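Peer 1: Generate a structure from the sequence data that follows.
(one chain, ligands or ions: 2)
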Amino acid sequence: MTIEIETNSKEETIELGKKISKFLFPGSVITLNGDLGAGKTTITKGIGKGLGIEEEINSPTFNILKCYFNDKLNLFHIDAYRLEDVSDEGKNIGLEEVIEGNGVAIIEWPQFIEEMIPFSSMNIEIHSLGDNKRQLIFSSLSPKYYALMESIGGKRSA
Ligand SMILES: Nc1ncnc2c1ncn2[C@@H]1O[C@H](COP(=O)(O)OP(=O)(O)OP(=O)(O)O)[C@@H](O)[C@H]1O
Ligand SMILES: [Mg+2]
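Peer 2: Numbering: from 1, shown residues only. Ligands and ions are numbered 1, 2, ... in the order given. Okay, the predicted model is just below:
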């Protein structure tokens, strides 16, 4: 399934993140594609808020993985940007443990750890349409994410 939606401000993208957080479950994996400054970390901030995480979520670039432990669902925020040239072994960041545990994984730059991304995941591709406008394309082949995708009020394109 593929759903497209546009946001017109950073705040709207945060609200969208909050909304989708309500549909996440232990083992959810969300991959985020988009250029530098597209809004990947911004939507992650909204998801964190929606899960009830009080700590500020910032870009994990220099850490690769940041863990936010939380009563409801833990959030594991991964930025694979610096793993582009790393060997396959080095790319093994323990995603299985995340998926098996009570956590949600959100992955920026998933193309650099493609082999690690499970089939049951949902991708959000973010395009800048200039200024504060963004197009977000949600896609997944796993029915586990269909309710989430149908809830956002976007346009169904496939
Ligand atoms: N509609 C919008 N949605 C999200 N962010 C927006 C929007 N309009 C403007 N922005 C701005 O775009 C920037 C998005 O930055 P963000 O850190 O989320 O990008 P990113 O995709 O995570 O980049 P990076 O690849 O560097 O990690 C912020 O400065 C934010 O204020
Ligand atoms: Mg980021």
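
Peer 1: Please tell me how far stretch 105-125 is from the chain's geometric centre.
Peer 2: 8 Å (Cα atoms, centre = their mean, to the nearest Å).

Peer 1: quick check: mean pLDDT across the helix or strand hosting L136?
Peer 2: Assessed by DSSP states H and E, L136 sits inside strand 134-139. For strand 134-139, mean pLDDT is 98.

Peer 1: next one: stretch 8-22
Peer 2: 98.

Peer 1: ditto for stretch 26-41
Peer 2: 96.

Peer 1: buried set for that stretch?
Peer 2: G27, S28, V29, I30, T31, L32, N33, G34, A38, G39, K40, T41 (16 or more other Cβ atoms under 10 Å). For glycine as for every other residue, the C-beta is placed from the backbone atoms N, C-alpha and C.

Peer 1: Would you agree the last one falls within a strand?
Peer 2: No - assignment of T41 by DSSP: H, G, I helix; E, B strand; the rest coil gives helix, placing it outside any strand.
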